[in-house]
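**Q** Fold the following.
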Amino acid sequence: MEIRRRGLMMVLSSPSGAGKTTISRMLMERDSNLRMSISVTTRARRPQEEHGRDYFFIDPPAFERMVAAGALLEHALVFGNRYGTPRAPVEQSLSDGRDVLFDIDWQGTQQLVEKARSDLVSVFVLPPSTAELERRLRARAADSEDEVQRRMAKAADEMSHWAEYDYVIVNHDLEDSARKAQAILTAERLRRERQSGLSDFVRELREDG
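**A** Alright, predicted model coming up:
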């Protein structure tokens, strides 16, 4: 008998450049029961990005309509752009026993804690040093010098929220960090309160005996 389980929400947060997005992609490649929460955003689409795969790109009025309708689990203003998590697909996945991975910042995580704490597992990813964080930002070659400096200036504030998270990973090495994130996910799936079918399973065990 397969034990029914309610899905969980796993949040990875970090300052920009610390590695959360790469770790998220590694987890997605390795775990078939994990789906990525695709955010809506008002920012412009970058050349390599696809609508519906990386983000749902919408205009500010459409974003505000979603907020007003209660269609977002969380939303935040980041670097002058709006980001949010559509509610319906996440709730459906959890009900179906599938886990949902979030690549969001501390603002969004605080809102998820308020709305769905029992379904949430939060992980903060720290860089090994400030110098390494800056090196990684520059190595991406995706941002202008002004943007790199802006992200570095914001990093200290973002890192100050580490204590609000359930787990912390210092990302010295991506492969090691991905393994640690997978270990967290595996352990959290086994929590008694998330295995909704345990009572029926144990009852059948006792009856068989």
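**Q** Could you point out the helix or strand that follows the helix or strand where Met10 lies?
**A** Per DSSP states H and E, Met10 falls inside strand 9-13. As assigned by DSSP H and E, the chain's next helix or strand after strand 9-13 is helix 20-30.
**Q** lowest-confidence helix or strand of the chain?
**A** None of the helices or strands of the chain scores lower by mean pLDDT, DSSP states H and E than helix 130-140, at a mean of 80.
**Q** Can you pull the poorly scored residue ranges out of this structure?
**A** Where the chain drops to pLDDT under 70, the residues are 1, 140-143, 209.
**Q** what's around Arg203, how many residues?
**A** By other CB atoms under 10 Å, the residues close to Arg203 number 10. The way it works is simple: take the backbone N, C-alpha and C, and place the C-beta from them, glycine included.
**Q** With Ile3 as the reference, measure out to it.
**A** Per CB to CB, to the nearest Å, Arg203 is found 12 Å from Ile3.
**Q** Spit out the contact partners of Arg87.
**A** 70-73 (CB atoms under 8 Å, 6 or more residues apart in numbering).
**Q** which residue packs closest to His161, ignoring adjacent ones?
**A** Residue nearest to His161 in three dimensions, not counting chain neighbours: Trp106, with 4.0 Å by CB to CB, 6 or more residues apart in numbering.
**Q** could you list every residue that touches the closest residue to Asp166 other than its chain neighbours?
**A** Closest residue to Asp166 apart from its sequence neighbours, by CB to CB, 6+ apart: Ser122 at 4.9 Å. Neighbour list for Ser122: 10-11, 13, 109, 112-113, 164-167 [criterion: CB under 8 Å, 6+ apart].
**Q** Quick one, which of these are buried?
**A** 10-11, 13, 109, 112-113, 165, 167 (16 or more other CB atoms under 10 Å).
**Q** what about the strands in the chain?
**A** In the chain, the segments counted as strands under DSSP state E are 9-13, 34-36, 40-41, 56-57, 72-78, 81-86, 99-103, 120-126, 167-170.
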